[in-house]
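A.B. asks: Predicted model follows, preceded by the sequence.
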Amino acid sequence: MADWRGQAIMLGARRFGENDAIADVFSAQKGRASGLVYGGTGRKKKPLLEPGTVLDVQWRARSDAALGHFETLEPVGTGPAALMDDPAALLALGALTSLLRDGLMEHQPQPALFEATLLMLDALGDRAVWPAAYVRWELGLLAETGYGLDLSVCALTGSSEDLAWVSPKTGRAACRAAGEPYADKLLVLPGFVADSRKPVLGGDVADGLALGGWFLNRELLAPVQKDLPEARYRLINTLAREGRL
């Protein structure tokens, strides 16, 4: 009998039969995991299955490879309802949970990514800071799944100063002067991503989302025949409309 208990982030659920549901969660211990929720379509349990809800869960199955069930689902904190005043934050939450659900293998522990995701969920409550934090989270997702970008030095000169571009082919950085002749073929590296001490300037979030989106699509999602989440496209449009990119 396989059995584990701990905090998990709800990634989404789908109906199974008339009254039950199959839920996907992300936990530190087991990474992405699925399980039956008996009575999951009912009034009591359905709110717990909203993507982004943090839960204390207990999962049981005959083996790790079998479809188990969630014996315990207890909410931790206020959940997505706290973001109702910021529609863009709700879309970011939808993009985040979709990327985890579509991009992660089952039963592969990701403790660092889990902790970073909990911090990202907390950051969504701060309207001023979360768009830049979300860009960093996407790049962290790439790194934690083995597709991290090399943003330490310029691939052309070896310098770590004034990094401004990223090669879409190699994921390596280039400094401003060396990359300028090839600018039309490179992705922009926002200053706050290259150097965490730099402020977030206008256009930086847009450039960061373009950078993350390129590599998430190519490295994480395309190999499993998935696309970037619809919520992510809507997020970009909403931030643009609100002047927050």
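C.D. replies: Nice, thanks for sending it over.

A.B. asks: For the rest of this, base every contact and every neighbour count on C-alpha atoms.
C.D. replies: Will do.

A.B. asks: per the record, what domains does the protein have?
C.D. replies: Using automatic domain parsing, the domain ranges for the chain come out as 2-77, 81-151+189-241.

A.B. asks: Can you say which of these is nearest to Cys175?
C.D. replies: domain 81-151+189-241 (9.5 Å; CA to CA).

A.B. asks: ok now the closest one, how far from the chain's centre?
C.D. replies: 5 Å (CA atoms, centre = their mean, to the nearest Å).

A.B. asks: elements contacting whichever strand in the chain runs longest?
C.D. replies: If you go by DSSP state E, the chain has its longest strand at strand 2-16. Contacts defined by 3 or more CA pairs under 8 Å, 6 or more residues apart in numbering; DSSP states H and E place strand 2-16 against strand 20-27, strand 54-61, helix 87-103.

A.B. asks: which parts of it are buried?
C.D. replies: 5, 7-13, 16 (16 or more other CA atoms under 10 Å).

A.B. asks: Can you tell me which of the residues you listed is closest to Leu99?
C.D. replies: Leu11 (9.2 Å).

A.B. asks: The closest one contacts Gly52, doesn't it?
C.D. replies: Yes: assessed by CA atoms under 8 Å, Leu11 is found in contact with Gly52 at 6.2 Å.

A.B. asks: How much space separates the residue in the chain sticking out farthest from the centre from Ala194?
C.D. replies: Centroid-distance maximum for the chain: Pro181 at 33.2 Å, with CA atoms, centre = their mean. The gap separating Pro181 from Ala194 is 20 Å, by CA to CA, to the nearest Å.

A.B. asks: Can you classify the closest residue to Ala174 other than its chain neighbours as helix, strand or coil?
C.D. replies: Leaving out its chain neighbours, the residue that sits closest to Ala174 by CA to CA, 6 or more residues apart in numbering is Cys154, at 4.1 Å. Cys154 carries the three-state label coil when classified by DSSP: H, G, I helix; E, B strand; the rest coil.

A.B. asks: And the residue most central in space within the chain, how far from Arg172?
C.D. replies: Residue closest to the average C-alpha location in the chain (CA atoms, centre = their mean): Leu96, at 3.5 Å. For Leu96, the distance to Arg172 equals 24 Å [CA to CA].

A.B. asks: Ok, Asp162 next?
C.D. replies: Where Arg172 is concerned, Asp162 sits at a distance of 14 Å (CA to CA).
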